[in-house]
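In: below are the sequence and a predicted model for it; my questions follow.
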Amino acid sequence: MISRKTLQAAAAVVAVGTLTLTACSSGGGGGTKSGDKASASPSKFNEHPNIVVGTAADSQGPAKPVEGAKAGGTVKNIERDDYEHLDPAQVYSNTGSNFSLLITRGLTGYKQEGNTVKLVGDLATDTGVASDGGKTWTFKLKDGVKWETGDAITSADVKHSIERSFAPFITQGATYVQRWLTEEDYRKAYTGPYDGKHLDNVTTPDEKTIVFKFAKPHADFNYAMAMTTYGVVSQKGDTKEEYDKKPVSSGPYKIVNRVTDKSLSLERNTNWDAKTDPIRHAYPDKWNFEFGYQAIPATDKLLAADKGEDVNTMSFYSGVAGDRLQKVLDDASVKDRLVKGESPYADYYYINNKKVTDLKVRQALNYAWPHQQIRTTEGGPATGTYSTTLLNPSVAGFQDYDLFGKKEKPTGDPEKSKALLKEAGKENYKIVYAYNNTPNQQKVSVVIEDALKKAGFEVVLKPIDTKTWYDEISKVDKQFDVFWGGWGADWPNASTVLPVLFDGRLIQDGSNNYANFNDPEVNAEIDRILDLADLNEQNKAWGALDKKIMEKAALIPGIQEKFYILHGSKIGGATYDALGKIISPNDVFVKQ
């Protein structure tokens, strides 16, 4: 995903100890001014977790039973959008990764125990053994791990999975490991295994052993291997591009029916063995997914899910609609069916720096941005707090600051914006604002349009289909100027945020540098920080770089969201995944 130096300084500490994350701040950012209604006091939120590396014993299955859970039943899952990708190498979103837990396994993964999240061996017997100062990593596969076909999952499958991530048809997904293995432009260095060429630094001494050798230390490699992108793909069953439509399952369920954008059905994979899996319980017999539910219909359906056929209904990510949030928070009868959590993500409105090249124009956009009006439209103060930084407070390296006075003037400062546009000689500057074409974002776009017009901009609104959103915003030559995008650290350190989003040497189609931001000073500072040997010094430097990038007005920080989601009364084990801002399927069961 990024061209960078090793993460060894930060990751070495994470890999051997506990990283305690601070909870998001509450309140602030303008309080309840201009019509924002104060919310009812919600019960305690699921806060940011402690991240630890588990032992070999932690990596053994089966997963610890959930109190009161029994196997059986069918879960009905309602979501807004179908999953953009099912091929693990193409998956790089919290929604896709969460669904993939049902059908895809990797060498490592995370299991949640209360407020502690452990990195454990998933297919591997442990979280890997590092040697040669972190340049070599060795994993051994567990006995009894199989594909849905009954064939054994072997080290050859793991090697093939890594090699195919270099293939030209893999246009999404993380690219950490590809870059670490080649130490150059990985797409020029290697194009995948399909022409008979293979990576010499990924070896398989036997059917259960896989060895990775790097030119530089990568103490966080076991964290990278927990990403869905590096989940296993069957070498025998690999259909290349077609694999994205129906992958071969290594998880507890397999796909039995799919109608794109409408429905998806899963049944048990009888060749999955719970004794090999410390992460997943797989209590339900079946999962039936239905797509096309916008926020309000989904919320109304889940509000009524204490009776009738909806009692077995849930959603992984369709949060309570802003128009319904106050009603839900005030309704004591849904308390036991409401899951709440602090978001680990940062919320941005990216500015396309390739098109909006004038610093004063980008500064004017920041001053003009209507944070309070957006929050009011999305549900009021209970939905979150105003963000003024690039890093989420949960990420090591976070430092608080407010360059554009958003806490003092959360409704925007149109006069300051007009003055900046006049200084730049860019009065009535045209801005094309692209938005997810959903009912909620249609309302938000109107609020943004109104505020920007008052600040001296000409505004054109451009709706984009939700299913192709990230494909569109990751294009270099996108023909719009400002657009929303979220980001979560791939593991909780700023080195998986700032280099990923702002290293200008990464700009290409499919890159996560959505802002097309390329500043030589920032690029050089990224390299310098990644070479620092002291973790505290590195974290301090990331915080300083956060502010430096915002001084260049690369984007507009959005709302630091809170998470609210309802589920049916017969759904048990709906556990909030504090790393993914989503409901994990791992503990879900149907109450008998």
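Out: That came through, no problem.

In: what about the helices in the stretch 1-150 of the chain?
Out: Using DSSP state H, counting those that start in this stretch, the helices found in the stretch 1-150 of the chain span residues 8-16, 94-100.

In: for the shortest one, give me every contacting residue.
Out: By Cβ atoms under 8 Å, 6 or more residues apart in numbering, the list of residues contacting helix 94-100 from outside reads 79, 81, 83-86, 88, 91, 227-228, 231, 251, 316-317, 345, 488, 577, 580-585. All C-beta atoms are positioned from the backbone trio N, CA, C, and that covers glycine.

In: and Trp180, that's in a helix?
Out: Yes - under DSSP: H, G, I helix; E, B strand; the rest coil, Trp180 sits within a helix.

In: can you count the residues close to it?
Out: Trp180 has 22 neighbours, counted by other Cβ atoms under 10 Å.

In: residues in contact with it?
Out: Counted by Cβ under 8 Å, 6+ apart, Trp180 has contacts 214, 216, 218, 221, 224.

In: do the same with Arg164
Out: Applying Cβ under 8 Å, 6+ apart to Arg164 gives the contacts 89, 170, 192-194, 233, 238.

In: 6 Å instead, please
Out: Gly192 (Cβ atoms under 6 Å, 6 or more residues apart in numbering).

In: likewise the one 5 residues further on?
Out: Phe169 makes contact with Glu241, according to Cβ under 6 Å, 6+ apart.

In: excluding chain neighbours, what is closest to the residue positioned nearest the centre of the chain?
Out: Centroid-nearest residue in the chain: Asn94, 4.0 Å away (criterion: Cα atoms, centre = their mean). Excluding its sequence neighbours, the residue lying closest to Asn94 (Cβ to Cβ, 6 or more residues apart in numbering) is Gly580, at 4.3 Å.

In: which SSE is that neighbour in?
Out: Using DSSP states H and E, Gly580 is not contained in any helix or strand.

In: give me the neighbour count for the residue nearest to Gln508 when sequence neighbours are not counted.
Out: Spatial nearest neighbour of Gln508, excluding adjacent residues (Cβ to Cβ, 6+ apart): Val476 at 6.4 Å. Neighbourhood size, Val476 [other Cβ under 10 Å]: 14.

In: tell me the gap between stretch 170-181 and the middle of its chain.
Out: 16 Å (Cα atoms, centre = their mean, to the nearest Å).

In: where do the helices of the stretch 351-500 of the chain begin and end?
Out: Going by DSSP H, counting those that start in this stretch, the stretch 351-500 of the chain shows helices at 359-368, 371-378, 414-424, 439-454, 469-473, 498-502.

In: among these, which is the most enclosed?
Out: helix 498-502 (a mean of 26; mean count of other Cβ atoms under 10 Å).

In: tell me which residues in the following helix or strand past that helix are buried?
Out: Going down the chain from helix 498-502, the next helix or strand is helix 520-530, by DSSP H and E. Across helix 520-530, burial judged by 16 or more other Cβ atoms under 10 Å covers 522-523, 525-526, 529-530.

In: now do helix 520-530: which elements does it pack against?
Out: Judged by 3 or more Cβ pairs under 6 Å, 6 or more residues apart in numbering; DSSP states H and E, helix 520-530 is in contact with helix 535-551.

In: can I get the CA coordinates of the helix it packs on in PDB?
Out: Output of helix 535-551 as PDB, limited to C-alpha atoms (Å, rounded to 0.1, in the frame of the first residue of the first chain):
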ATOM      1  CA  LEU A 535       8.800   4.500  19.500                       C
ATOM      2  CA  ASN A 536       8.000   7.600  21.600                       C
ATOM      3  CA  GLU A 537      10.100   9.800  19.300                       C
ATOM      4  CA  GLN A 538       8.400   8.300  16.300                       C
ATOM      5  CA  ASN A 539       4.900   8.800  17.700                       C
ATOM      6  CA  LYS A 540       5.700  12.500  18.600                       C
ATOM      7  CA  ALA A 541       7.000  13.000  15.000                       C
ATOM      8  CA  TRP A 542       3.800  11.500  13.500                       C
ATOM      9  CA  GLY A 543       1.700  14.000  15.500                       C
ATOM     10  CA  ALA A 544       3.900  16.900  14.300                       C
ATOM     11  CA  LEU A 545       3.500  15.600  10.700                       C
ATOM     12  CA  ASP A 546      -0.200  15.400  11.100                       C
ATOM     13  CA  LYS A 547      -0.300  19.100  11.800                       C
ATOM     14  CA  LYS A 548       2.200  19.900   9.000                       C
ATOM     15  CA  ILE A 549       0.000  18.100   6.400                       C
ATOM     16  CA  MET A 550      -3.100  20.000   7.700                       C
ATOM     17  CA  GLU A 551      -1.100  23.300   7.300                       C
END
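
In: what does that helix rub up against?
Out: Contact with helix 535-551 is made by 9-10, 13, 389-391, 396-397, 399, 401, 403, 494, 498, 502, 525, 529, 532, as judged by Cβ under 6 Å, 6+ apart.

In: what sits against Ser584?
Out: With Cβ under 6 Å, 6+ apart, Ser584 has these contacts: 575, 577.

In: ok, it to Glu561 distance?
Out: 18 Å (Cβ to Cβ, to the nearest Å).

In: kindly report the same for Ala56.
Out: Using Cβ to Cβ, Ala56 is found at 37 Å from Glu561.

In: the two: which is more packed in?
Out: More crowded of Ala56 and Glu561, by other Cβ under 10 Å: Glu561, with 23 against 12.

In: which phi and psi does that one have?
Out: Phi and psi for Glu561, reported as degrees, to the nearest 10, are phi -80, psi 150.

In: contacting residues for it?
Out: Glu561 neighbours (Cβ under 6 Å, 6+ apart): 343, 347, 384.

In: is it in a bridge, and if so with what?
Out: Beta-bridge pairing for Glu561 (DSSP bridges): Gly384.

In: distance of it from Gln235?
Out: Using Cβ to Cβ, we find Glu561 at a distance of 40 Å from Gln235.

In: dump the helices of the stretch 351-500 of the chain into TSV; add mean pLDDT and distance to Trp147 as well.
Out: Shown next, in TSV, are the helices of the stretch 351-500 of the chain (pLDDT from 0 to 100; distance: least, Cβ to Cβ, whole Å):
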stretch	mean pLDDT	distance to Trp147
helix 359-368	98	50
helix 371-378	94	43
helix 414-424	98	57
helix 439-454	96	40
helix 469-473	91	29
helix 498-502	95	32
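
In: possible to save those helices as TSV with distance to Thr116?
Out: Formatted as TSV, the helices of the stretch 351-500 of the chain follow (distance: least, Cβ to Cβ, whole Å):
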stretch	distance to Thr116
helix 359-368	38
helix 371-378	31
helix 414-424	45
helix 439-454	34
helix 469-473	31
helix 498-502	26
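
In: quick one: low-confidence residue ranges for this protein.
Out: Scanning the chain for pLDDT under 70 picks out the ranges 1-49, 492, 533, 535.
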